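Participant: model this:
(one chain, ligands or ions: 1)
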Amino acid sequence: MTKKILRALAGETQPVPPIWMMRQAGRYLPEYRETRAKAGDFLSLCYNPELAAEVTLQPIRRYGFDAAILFADILLVPQALGCDLWFEPGEGPRLSTIAGPDGLRALKTRDDIHDTLAPIYETVRRVREMLPPEAALIGFAGAPWTVATYMIAGRGTPDQAPAHALKAADRATFTALIDLLTDATIDYLSMQIDAGAEVVKIFDSWAGSLTGADFDDFALAPAGRIIAALKSRHPATPVIAFPREAGDRYIGFARATGADCVALDNSVSAIWAARNVQTDGCVQGNLAPGHMVTGGAALDEAVRGIVGAFANGPHIFNLGHGITPDADPDNVARMIEIIRG
Ligand code: CP3
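Facilitator: Next up is the predicted model:
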């Protein structure tokens, strides 16, 4: 029998949707914190195939999710292209910045990334070997726009202002960076699929700050180019696209890019999305991650609302964004219990 999540991605409506959670291997789990301490820091954990495979599998063992997501980070691609990358404790990622043509010229090429990323492919192979037969393995990468926002600013930003500024001031450099990231992402995801990833997901966490023609050029077009290239190399591997906070631009996104599924953030209502987005195929989402902190009757009601709204089409149950470190592991168990009845 085909795995539940692959059936949803192929367009099958199921009475009980498959379930996984963004950031399901993370700091809210004591076993994750323990393994991370063993690795030393977050990046050492990402590049340690044995320990990265261990944390990838932890939430599957604890909860029986229908999918595991590779433990890694979207910022490993910039690092593989030659950027410095480190994480400031309690703050977030820091990178050397790309300010103009010189910064772009200093980067490596798409063919150079695999030396750095080889441990990630090894993690994929290990997880695939150890995964229970009913669970599927999801690989992932950041979308070019979102990754570029970190490379240009050197850190996370609330409004992606430095990336918008470079786009306005030096279109050629900005476009060349997007093209390089698009090419590198095609090769990176393709290698993950070769290593055993059964689904891949493209995280465009900052897609919502692109409007009008910019959304077409820097969210839709790169996703379309990545998906077309992957489909030509791996026609059977489904792709999930996550243009977070795209709002109305969720409509038609799957058709325009060739994605098999769009992941919905929790700023759109499930009822609206069922009418306007699920009509094109599978959707994933979209419980507000805060419910994993607060629980209670509001959690039960929100989970039932989402399952009900998407019941008449293909659906993968997930959160609208990553689970946060202050989440209560018991609320995750409760969410699953409600969905599976
Ligand atoms: O979903 C998963 O469990 C798979 C692994 C995964 C991580 N990051 C692990 C991680 C995935 C898919 C990501 C994607 C990612 N990383 C995104 C896109 C998705 C999103 O959340 O919007 C972004 C923007 C990043 C960059 C990044 N990595 C930031 C901004 C941070 C710091 C924020 C924080 O929570 O501290 C990270 C660190 C990170 N990536 C952690 C994890 C589990 C926390 C690291 C730790 O253990 O300290």
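Participant: What about the closest residue to D73 other than its chain neighbours, how many residues nearby?
Facilitator: Among residues not flanking D73 along the chain, C46 sits closest, at 5.8 Å (Cβ to Cβ, 6 or more residues apart in numbering). All C-beta atoms are positioned from the backbone trio N, CA, C, and that covers glycine. Counted with other Cβ atoms under 10 Å, the neighbours of C46 add up to 22.
Participant: show me the contacts for C46.
Facilitator: 52, 71-73, 76, 119-120 (Cβ atoms under 8 Å, 6 or more residues apart in numbering).
Participant: which outside residues touch stretch 303-317?
Facilitator: When contacts are defined by Cβ under 8 Å, 6+ apart, stretch 303-317 is touched by residues 5, 8-15, 17-20, 240, 261, 269-271, 273-274, 278-279, 281-287, 291, 335, 338-339.
Participant: Put the alpha carbons of that stretch into CSV.
Facilitator: C-alpha atoms of stretch 303-317 as CSV (Å, rounded to 0.1, in the frame of the first residue of the first chain):
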residue,chain,number,x,y,z
VAL,A,303,-8.1,21.1,14.6
ARG,A,304,-11.6,19.9,14.0
GLY,A,305,-12.3,23.1,12.0
ILE,A,306,-9.3,22.5,9.7
VAL,A,307,-10.0,18.8,9.2
GLY,A,308,-13.6,19.6,8.4
ALA,A,309,-12.9,22.4,6.0
PHE,A,310,-10.5,20.3,3.9
ALA,A,311,-12.4,17.0,4.2
ASN,A,312,-13.7,17.0,0.6
GLY,A,313,-10.3,17.1,-1.2
PRO,A,314,-6.7,16.0,-0.8
HIS,A,315,-5.2,17.3,2.5
ILE,A,316,-2.0,16.9,4.6
PHE,A,317,-2.5,18.1,8.1
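Participant: what pLDDT does the residue in the stretch 201-341 of the chain positioned nearest to the ligand get?
Facilitator: When distances are taken as Cβ to the nearest ligand atom, the stretch 201-341 of the chain reaches nearest to the ligand at S205, 3.2 Å away. Reading off the confidence values, S205 has pLDDT 98.
Participant: Beyond the helix or strand that contains L45, next helix or strand please.
Facilitator: Secondary structure from DSSP states H and E places L45 in helix 42-46. Heading C-terminal from helix 42-46, the first helix or strand you meet, by DSSP H and E, is helix 49-63.
Participant: mind checking how far the following helix or strand past that following helix is from the chain centre?
Facilitator: Where DSSP H and E defines the elements, the next helix or strand beyond helix 49-63 is strand 67-69. How far strand 67-69 lies from its chain's middle: 11 Å, per Cα atoms, centre = their mean, to the nearest Å.
Participant: just stretch 201-214 next, same as before
Facilitator: 13 Å.
Participant: Between the two ends of it, how far is it?
Facilitator: End-to-end span of stretch 201-214 (Cα to Cα, to the nearest Å): 22 Å.
Participant: Residues contacting that stretch, please?
Facilitator: 69, 74, 138-143, 145-146, 149, 159-160, 164, 167, 185, 189, 215, 218-219, 223, 226-227, 239-247, 249, 259, 263.
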